[in-house]
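Novice: Based on what follows, work out the 3D shape:
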Amino acid sequence: VLAIMFTASLAHAKAAPESFANLAEKLLPTVVNISTTQLVEGGNAPQLPQLPPGSPFKDFFEEFFDRNGQGQGQGQGHAGFGQQQQGFGQQQQQSRGGKSLFNLRRDGIYPLTAKDFPSQESRFVWLVLFYNSQSTPEGVVQEYVKLGEKLKRSGVKTGAVDCSKYPEKCEEVVPGDGHALKAALITKGDKKILDETTLLNHRNTLNLKQIFEFVKEFTPSSVLNIRQSHQLETLLSSSKGNKGGCGTSGACLILWTANFEPSLLMKTLAVGYKNAVTVAEVRGGNTHLAKLLKVEEFPTLMMACEATGQWQSVDHLAYETFEGDIKDNKQINDFVQSFATDKTKCKSLRNKLRKKNKQNKKVAEDYMRDVLEAGEKGLKEFKTKKVGELKKLATNLGIDVEKVESLVEKKDLVNSIFEFWTEKMK
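Specialist: Predicted coordinates for the structure are as follows:
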């Protein structure tokens, strides 16, 4: 009887449909969560490769292995729908898992460790944020990235240390509460601390303007402030027994600016190229010194080489004007480095200048001879020259540039040139 009943029930059973597409489309809106769980046994999971300290691939591999199960509770399955509805802050902290919140490639912020922390030998100015990855708000991270972009344009490097990973380093540099947000401005091992009350504003986000001004104010300044011509002459003149003021490269970086305060970029360059290149500024739109070196606009950046002996004018000074983007830190750094690492650059510029001045002097002297030989006609043509042309003639002949610049009237320039030439021909 049982056999008959079983056979009958099989006969009445419906065959399985060829596709569940229609059924799935009908029931899909009622599905809350579909998940699978798999327990992988054994120790054959791929291991995090050993990378050198500071490697740009460190964060990439950490993120890759975290995503693929290493250290993320593999085998525990997924939480149910109700369990997934956590608070946003709690969800963020769990997803971080103690990882650095900063990535060099993505953010431009160096995720520093105890091993690669800036040493006294570092030639850079550093701003380092000390934070806790379990409690630092996402907004602070985003604001610090913005600050890093701005500081980068002035040559300041930005890093971050996770105090939940490196508590000893944090206690060494910024002692105190390991959960409190702090920062340190570090130059050659010297440090200036910013506490949380200085870092954060009333909205509990970073006070970007205040932090930038702090960095600008407390970055050490060895930038020379050139106000008068004799300072410029002392800086750029060298002779037997008298070494000029430029560095070991024999080159001085000079910024001509309308500002009265030192530039943060020039400060960081002075730190980075200390001893190799001397960094100076001519501030406040100093038109008197600008005329001496024929600077026509502010800002102008130039690399001037020490003169052999006393230089009289820009025509007797070997220099190269920076032609790139004055706001591009990388271009400026490359410009400075080319002189700091290659002493032959100044030598080459001096040789070119020497040949040029020799040729200019010959042309000026030949012209004066022609004027005198032509008599009245020559003198008449001479007096038709403009003031600028007469000044150039005077400097090419070798007349002191300050004397030339002090002469305002055309007749005074003409008399000065003829007096100089008459004396020379004796």
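
Novice: Convert stretch 126-146 to CSV, retaining C-alpha atoms only.
Specialist: Extracted in CSV, the C-alpha atoms of stretch 126-146 (Å, rounded to 0.1, in the frame of the first residue of the first chain):
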residue,chain,number,x,y,z
TRP,A,126,58.0,69.1,9.0
LEU,A,127,54.5,69.5,10.5
VAL,A,128,53.5,66.2,12.2
LEU,A,129,50.0,65.4,13.5
PHE,A,130,49.8,63.0,16.4
TYR,A,131,46.4,61.3,16.4
ASN,A,132,44.6,58.1,17.5
SER,A,133,43.0,56.2,14.7
GLN,A,134,40.2,54.9,17.0
SER,A,135,38.9,58.3,18.0
THR,A,136,40.0,61.0,15.4
PRO,A,137,37.0,62.3,13.5
GLU,A,138,37.0,61.9,9.7
GLY,A,139,36.6,65.7,9.4
VAL,A,140,39.9,66.3,11.0
VAL,A,141,41.6,63.9,8.5
GLN,A,142,40.1,65.7,5.5
GLU,A,143,41.1,69.2,6.9
TYR,A,144,44.7,68.0,7.6
VAL,A,145,45.0,66.8,4.0
LYS,A,146,43.9,70.3,2.8
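
Novice: Distance from that stretch to the middle of the chain?
Specialist: Chain-centre distance of stretch 126-146: 20 Å, with CA atoms, centre = their mean, to the nearest Å.

Novice: and what of stretch 253-262?
Specialist: 17 Å.

Novice: List the buried residues for it?
Specialist: For stretch 253-262, a neighbour-count test (16 or more other CB atoms under 10 Å) marks 253, 254, 255, 256, 257, 262 as buried. (Glycine included, C-beta is placed from N, CA and C.)

Novice: Just confirm the second one contacts residue 305, I think it does.
Specialist: No - Residue 254 sits out of contact with residue 305 when judged by CB atoms under 8 Å, with a separation of 11.2 Å.

Novice: Narrow the buried residues of stretch 253-262 to those in strands?
Specialist: Mapping those onto strands (DSSP state E) picks out 253, 254, 255, 256.

Novice: and of the buried residues of stretch 253-262, the nearest to residue 404?
Specialist: residue 256 (20.4 Å; CB to CB).

Novice: Let me see the contact set for that closest one.
Specialist: For residue 256, the contacting residues are 281, 282, 286, 289, 290, 293, 295, 298, 299, 300, 301, 302, by CB atoms under 8 Å, 6 or more residues apart in numbering.

Novice: try residue 289
Specialist: 226, 228, 229, 232, 256, 282, 295 are the contacts of residue 289 under CB under 8 Å, 6+ apart.

Novice: Just confirm the first one contacts residue 254, I think it does.
Specialist: Yes - using CB under 8 Å, residue 226 and residue 254 qualify as a contacting pair, with a distance of 7.3 Å.

Novice: what do those two both touch?
Specialist: 280, 281, 282.

Novice: Quick one: these as CSV, columns for neighbour count too.
Specialist: Formatted as CSV, those follow (neighbours: other CB atoms under 10 Å):
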residue, neighbour count
280, 24
281, 25
282, 25
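
Novice: Torsion angles phi and psi at residue 407?
Specialist: phi -90, psi 120 (degrees, to the nearest 10).

Novice: Within its local environment, how many residues does it see?
Specialist: 19 (other CB atoms under 10 Å).

Novice: my read: it touches residue 419, true?
Specialist: No - using CB under 8 Å, residue 407 is not in contact with residue 419, being 11.7 Å away.

Novice: What are the boundaries of the strands in this protein?
Specialist: 110-111, 125-131, 156-162, 182-187, 190-194, 224-225, 237-238, 251-256, 277-282, 300-305, 307-308, 319-321.

Novice: show me where pLDDT drops low in this structure?
Specialist: 1-98, 238-244, 309-314 (pLDDT under 70).

Novice: Geometrically speaking, which residue is the centre of it?
Specialist: residue 155 (2.8 Å; CA atoms, centre = their mean).

Novice: Nearest residue to that one in space, please, no chain neighbours.
Specialist: Distances taken as CB to CB, 6 or more residues apart in numbering put residue 268 closest to residue 155, at 3.4 Å, once the chain neighbours are dropped.

Novice: Now do the contacts for that neighbour.
Specialist: 124, 125, 154, 155, 156, 219.

Novice: How about residue 342?
Specialist: Contacts of residue 342 by CB under 8 Å, 6+ apart are residue 249.

Novice: measure it to residue 236 for me?
Specialist: To residue 236, residue 342 is 19 Å away according to CB to CB, to the nearest Å.
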